[in-house]
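Peer 1: what shape does this take:
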Amino acid sequence: MRCPGSILAGAWLIALTLGGWQAWALRNAIDPDGVSYLDMAAALRRGEWEGVVNGLWSPLYPCMVAAAAYVLRPPPSWEPAVGHLVTFVATMASLVAFHFLLKELIRRQVLPGSRDDRDREPLPVWLLWTVGYLIAVHVVVEELGFAKLCPDHLVMLCVLVSCTLSLQMARGLVGWFRFGLLGFVLGTGYLAKAPVLPFAAMQMVALLLILGRWRQALPRVLLALGVMLLVMSPLVLALSVDKGRFTLGESGKLNYAWHVNGYGKYCHWQGSEGSGGGAPNHPSRVILASPTVFEFGAPLTATYPPWYDPSYWNEGLLPRFRLTDQARAFIRNTLQAFYVMFYEGFYVALATFYGLMIALSGGGRRAIRVERATLPLLILPSVIMILLYLAVHSEPRYVAPYILLILVGLLTFLSVPRFPQSKEFVARAGGVISVVLLIMILGSSVRAVWRQYKHVEWGGGGSDPARAICQGLRQMGLRPGDKIGCIGSGYIASYWARQVPARIVAELPPPDGGNDKETSWKLGHMIDRRVIDAFSEAGVKFIVANVNVAVGSTAPGLLVASGWSRIGKTNHYVFIVSVPEAHKSTTSPGQSAGNANS
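Peer 2: Presented below is the predicted three-dimensional model:
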């Protein structure tokens, strides 16, 4: 049952190499969700504990980032790297938890008496460890990855630990401490991400049914439930007080309204839906009607307040169950999930291997021997969790823990005939599939880094303009905490604003949620004095716009003549609304901000 040393060493060498490489290569990668988590971490470091009371973003990940930042004391430009360091540690911890989970699963299948067929046996132990670890490395390192600063790696860790504890309980290890620890882990999972709660509830119900002796099982499960509620209670109480009603979090309500009903917008919802959806209690303020300029500097203090706590700006949004909306969302998400699975190829290769093993056993029920505890504790809850996500909104990182549990659970269910020829075939097929999966993992890792390297909007690549933008704006007098405005998407601009760090308090977003890379709609507004005055009334010091113009275009000259300055060699331009006295003589309108001191 123990993992052979060569397999264990090889698996961890691959995991550490690929995980460390991705974490370092993508150390500057950040997305708007990550900006919000970093803002929450910064609030904690300032002693503002109310900063973690957020209806959408859970507090565990920013608390860990804040603790790491307190120790390492990074400059703002290195804060994303600290977040990725926390992610890397959580990733490796998840693989440790997976090791013990797989060990428990193999124990249940290969112990004497665990199978009643004399002519069949489980897959060789070495093959279970090899393929199991390859699945884990793919899901934990590749599917979750390091392109985003998010708590999904912590969710993975909590889910794997809780499943290991549950399997041990089903094996007869029913001490009170183990149940208390299960409650603590599941409560911690809620602090990482609220959608863990349905999985926690299903695990506890399954434990009651499996343990059987209710007089012994019920008090222990109630202890686990009590500890979980105790861990959850500070956040639940704080959220309920903040919202003025009992709530476990607003992520389910918001995502259902956004992705199923099509109500509202991620940002600047004004309650304009004619067919329902409610009305906002405190929407972003419209300071210019046409073109629409929004101001949102108060009451939330953050890099980009509309996405720092969307539950505040969308307070009043009412989701509605409609069968047509629900069916449309489920079909859309399911088709997208199948596309992702077939596109990657990893799951196709794995399914082919599973199919070969089933065919070798002659198919039918005898080819797959379901273990009585693994099915209700791991696989059924995981299937239900995936269906819940497909019903609303699904991304690979959301369902990664449950995909891992299903794939590894099914792997241990496979059985093959007890014949020498079968053993030889299984060994050869296992060797081939291991090599194929390893090659796919390596290719997926390279693609992930290259994709993010090219995705400069989120600060992924060597051509990342964030540092140049920050340096140019600092040379022009921008200081941490200063207010800026955006012509274009502040949602996208937040990735570089966080590194100043500055506050985006007003924006003129793309019309009808259009593409921020489009430049034509921006140029006219950039020279519109009404737009400049509106931003000025919002108290901004600088207005920034991302302008992609063709070589030979007259647009740059027109912008410079209108008072705009290009920021270094980036595609970003800045209009100085209010210049600090110390910098009035060093930088003039029309001068390239990146060359202000040249």
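
Peer 1: going by C-alpha atoms from here, please, whenever you check contacts or count neighbours.
Peer 2: Will do.

Peer 1: show me where this structure has its strands.
Peer 2: Assigned by DSSP state E, the strands in the chain fall at 120-122, 285-288, 293-295, 415-417, 483-487, 503-508, 542-546, 564-566, 572-576.

Peer 1: between those, which gets nearest to Glu424?
Peer 2: When the strands of the chain are compared by C-alpha to C-alpha, strand 415-417 sits nearest Glu424, at 11.1 Å.

Peer 1: same for the closest one, what does it pack against?
Peer 2: strand 120-122, helix 346-360 (3 or more C-alpha pairs under 8 Å, 6 or more residues apart in numbering; DSSP states H and E).

Peer 1: lowest mean pLDDT across the ones you listed, which one is that?
Peer 2: Comparing mean pLDDT across the helices and strands packed on strand 415-417, the weakest is strand 120-122, with a mean of 82.

Peer 1: who does that one pair up with?
Peer 2: strand 415-417 (antiparallel) (DSSP bridges).

Peer 1: which residues touch Arg322?
Peer 2: Asn261 (C-alpha atoms under 8 Å, 6 or more residues apart in numbering).

Peer 1: ok, it to Gly187 distance?
Peer 2: 32 Å (C-alpha to C-alpha, to the nearest Å).

Peer 1: do the same with Pro80
Peer 2: Pro80 is 27 Å from Gly187, by C-alpha to C-alpha.

Peer 1: and Trp564, by the same measure?
Peer 2: Counting by C-alpha to C-alpha, the gap from Trp564 to Gly187 is 52 Å.

Peer 1: and for Val435?
Peer 2: Val435 sits 39 Å away from Gly187, going by C-alpha to C-alpha.

Peer 1: for these two, indicate the residue with more neighbours.
Peer 2: Neighbour count, other C-alpha atoms under 10 Å: between Val435 and Gly187, Gly187 has more, with 27 against 13.

Peer 1: dump the residue contacts of the more buried one.
Peer 2: Gly187 sits in contact with Val227, Met228, Leu229, Leu230, Val231, Met232, where contact means C-alpha under 8 Å, 6+ apart.

Peer 1: which one of those sits closest to His99?
Peer 2: Nearest member of these to His99, counting by C-alpha to C-alpha, is Met228, at 24.4 Å.

Peer 1: thought Gly183 was touching that closest one, still the case?
Peer 2: Yes - in this structure, Met228 is within contact of Gly183 by C-alpha atoms under 8 Å, at 4.3 Å.

Peer 1: count the residues that sit near Gly490.
Peer 2: Neighbours around Gly490, by other C-alpha under 10 Å: 29.

Peer 1: could you find the closest non-adjacent residue to it?
Peer 2: Counting by C-alpha to C-alpha, 6 or more residues apart in numbering, Glu507 is the residue found nearest to Gly490 once chain neighbours are left out, at 6.3 Å.

Peer 1: OK, contacts around that neighbour?
Peer 2: Counting by C-alpha under 8 Å, 6+ apart, the residues that Glu507 touches are Val293, Phe294, Glu295, Gly485, Cys486, Ile487, Gly488, Ser489, Gly490, Phe535.

Peer 1: for the residues you listed, name the two members farthest from one another.
Peer 2: The largest separation in those, counting by C-alpha to C-alpha, is between Ser489 and Phe535 at 14.6 Å.
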